[in-house]
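A.B. asks: The following comprises the amino acid sequence and a computationally predicted model.
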Amino acid sequence: MNSTPLSSILLVLFGSVVGSFGAVFLKSGAVRLTGILSLFNWRLALGVSLYLGSSVFYAMGIRRGQLSVLFPMVAAGYVWTVVWSRLFFHEQFSRTKLGGLALVLAGVVLVGLGS
Amino acid sequence: MSATAVPASVSPNPAAQRRMALVIAGATVISAAAQILMKIGMNHFSPNLPALVTNLPLIAGYALYGLFTLLMVLALKEGELSLLYPIISLSYVWVTALSYFIFHDTMRPLKLVGIAAIMAGVALLGRGDRR
């Protein structure tokens, strides 16, 4: 295996964005759960579908290139998820969280540069 | 990998925490195996149904990934994020080492520093709610 094409990196990163929206819909579905029948609601269904969808982009992404570059890049999803949590659920950014986000983001960039 | 469930109630029971830590540590090995199998499967991917349903490494990889997700949701329900997230980031160690030995991926210093930064970042995110 030699270099990792940009198209692979973009597919994996796009998958991570799709997956982070999966988390948003799972969360918004989960907070509305009242009983066993409420398990069948469109938010949870959409959340699960987005998760599965994100894995298709990931799988297409790892067709070419190095797994040791592409797998760590999935961690970008943590960044999107924290941003959506702030935007949609008004969760707080603590200083620790911001530090974690910055490290993950820097790591993804470094892994990309090191590929 | 996913950054989903934040537990509504966290059990302070130390024995339960230790058990969850072990479950998650085992789950990271499953997750790494899933990644390797998916990569093997996708290396000879062809976009037609007969090839897809006979792509055993890909199918096994997806199955293990599903198992990992299930274990993670169960563990996150019981365990503390600040304990579990650093353990989850062990998957990066396994996947990187296995990629080196199986696929002969290159190991440049910049890449290794990047992976270490991601691991540290994920660990910090687990502590995020403590401030």
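C.D. replies: Received it, and whenever you're ready, just let me know what you need.

A.B. asks: Going by secondary structure, residue 19 is in what exactly?
C.D. replies: All of this is about chain A. Per DSSP states H and E, A:G19 falls inside helix A:6-30.

A.B. asks: Chain B, not that one
C.D. replies: Using DSSP H and E, B:R19 maps to helix B:14-43.

A.B. asks: Ok, B:G121 next?
C.D. replies: Going by DSSP H and E, B:G121 is part of helix B:109-127.

A.B. asks: That helix: how far from the chain's middle?
C.D. replies: 14 Å (CA atoms, centre = their mean, to the nearest Å).

A.B. asks: A:K27 against A:L50, yeah?
C.D. replies: No. A:K27 lies out of contact with A:L50 (CB atoms under 8 Å); the separation is 11.9 Å. Where you see a C-beta, it was placed from the backbone N, CA and C, and this is true even at glycine.

A.B. asks: near chain B, anything from stretch A:85-98?
C.D. replies: Yes. Judged by CB under 8 Å from any CB of the partner chain, stretch A:85-98 comes into contact with chain B at A:S94, A:R95, A:T96, A:K97.

A.B. asks: Just the endpoints, please. Distance across that stretch?
C.D. replies: 13 Å (CA to CA, to the nearest Å).

A.B. asks: Could you check it and say which residues are buried?
C.D. replies: Judged by neighbour count using 16 or more other CB atoms under 10 Å in any protein chain shown, the buried positions of stretch A:85-98 are A:S85, A:E91, A:T96, A:K97.

A.B. asks: can you give me the mean pLDDT across it?
C.D. replies: The average of the pLDDT scores along stretch A:85-98 is 88.

A.B. asks: can you check stretch B:122-131 too?
C.D. replies: 78.

A.B. asks: Please name every helix or strand in contact with the helix or strand hosting A:A102.
C.D. replies: Under DSSP H and E, the secondary-structure element containing A:A102 is helix A:95-113. Applying 3 or more CB pairs under 8 Å, 6 or more residues apart in numbering or on different chains; DSSP states H and E, one finds that helix A:95-113 contacts helix A:67-73, helix A:76-89, helix B:109-127.

A.B. asks: show me where pLDDT drops low in chain B?
C.D. replies: B:1-12, B:129-131 (pLDDT under 70).

A.B. asks: hang on, isn't B:L90 packed against B:I30?
C.D. replies: No. B:L90 is not in contact with B:I30 according to CB under 8 Å; the separation is 11.5 Å.

A.B. asks: Just read off the phi/psi values of the nearest residue to B:M42 once chain neighbours are set aside.
C.D. replies: Residue nearest to B:M42 in three dimensions, not counting chain neighbours: A:R63, with 4.7 Å by CB to CB, 6 or more residues apart in numbering or on different chains. Dihedral angles of A:R63 (phi, psi; degrees, to the nearest 10) stand at phi -60, psi -40.

A.B. asks: Show the pLDDT at A:R63.
C.D. replies: So A:R63 comes in at 95 (pLDDT).

A.B. asks: For the closest residue to B:E78 other than its chain neighbours, give me its contacts.
C.D. replies: Nearest non-adjacent residue to B:E78, counting by CB to CB, 6+ apart: B:M20, 5.2 Å away. Taking CB atoms under 8 Å, 6 or more residues apart in numbering or on different chains as the criterion, B:M20 is in contact with B:A75, B:E78, B:G79, B:L83, B:L84.

A.B. asks: Please enumerate residues in contact with stretch A:100-111?
C.D. replies: Residues outside stretch A:100-111 that contact it (CB under 8 Å, 6+ apart): A:69, A:72-73, A:75-76, A:78-79, A:82, B:110-111, B:113-128.

A.B. asks: of these, buried ones?
C.D. replies: A:69, A:72-73, A:75-76, A:78-79, A:82, B:111, B:113-128.
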